[in-house]
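> return atomic coordinates for the entry below.
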Amino acid sequence: MPFGLGAQELIIILILVLVLFGGRKIPEIMRGLGQGLREFRAVSSEASRDLQKLTEPEPGKDDAENDEATV
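The predicted structure follows:
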């Protein structure tokens, strides 16, 4: 289970969420959470691509030119 939580703990958390927010609010909360996760993944992927572009050697240059640039 995620974060070391067992089935009993998850059931208790779900019951608390249901009591605190009510049945009508939960879909809105989940929708917002899903959108936030989607945005986080997009930004994370973009940052990963940018970092990979920065660490790759430029095409067309040989190894000697790339070694001089790092010295």
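
> give me the three-state assignment for residue 11.
helix (DSSP: H, G, I helix; E, B strand; the rest coil).

> just for the protein, where's the confidence low?
Across the chain, the ranges flagged by pLDDT under 70 are 1-2, 61-71.

> the strands in it, which residues?
Assigned by DSSP state E, the strands in the chain number zero.

> so where do the helices sit in this protein?
For the chain, the helices defined by DSSP state H cover 7-55, 63-70.

> okay if I get those as a markdown table plus mean neighbour count?
In short, each C-beta sits where N, CA and C put it, glycine included. Converted to a markdown table, those look like this (neighbours: other C-beta atoms under 10 Å):
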| stretch | mean neighbour count |
| --- | --- |
| helix 7-55 | 10 |
| helix 63-70 | 9 |
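
> got a list of contacts for stretch 13-32?
residue 5 (C-beta atoms under 8 Å, 6 or more residues apart in numbering).

> so which residue is dead centre in this protein?
For the chain, residue 41 is the residue whose C-alpha lies nearest the centre (C-alpha atoms, centre = their mean; 4.1 Å).

> any figure for the gap between it and residue 49?
13 Å (C-beta to C-beta, to the nearest Å).

> how near is residue 28 to residue 40?
19 Å.

> apologies, that question was intended for residue 32.
From residue 32 to residue 40 the distance is 13 Å (C-beta to C-beta).

> same check on residue 10?
Per C-beta to C-beta, residue 10 is found 23 Å from residue 40.

> what's the answer for residue 53, then?
With C-beta to C-beta as the criterion, residue 53 and residue 40 are 21 Å apart.

> ditto for residue 19
Taking C-beta to C-beta, one finds residue 19 at 28 Å from residue 40.

> same deal with residue 8?
When residue 8 is compared with residue 40 (using C-beta to C-beta), they lie 29 Å apart.

> got it, and residue 51?
Counting by C-beta to C-beta - residue 51 and residue 40 are separated by 16 Å.

> nice, that's everything, thank you.
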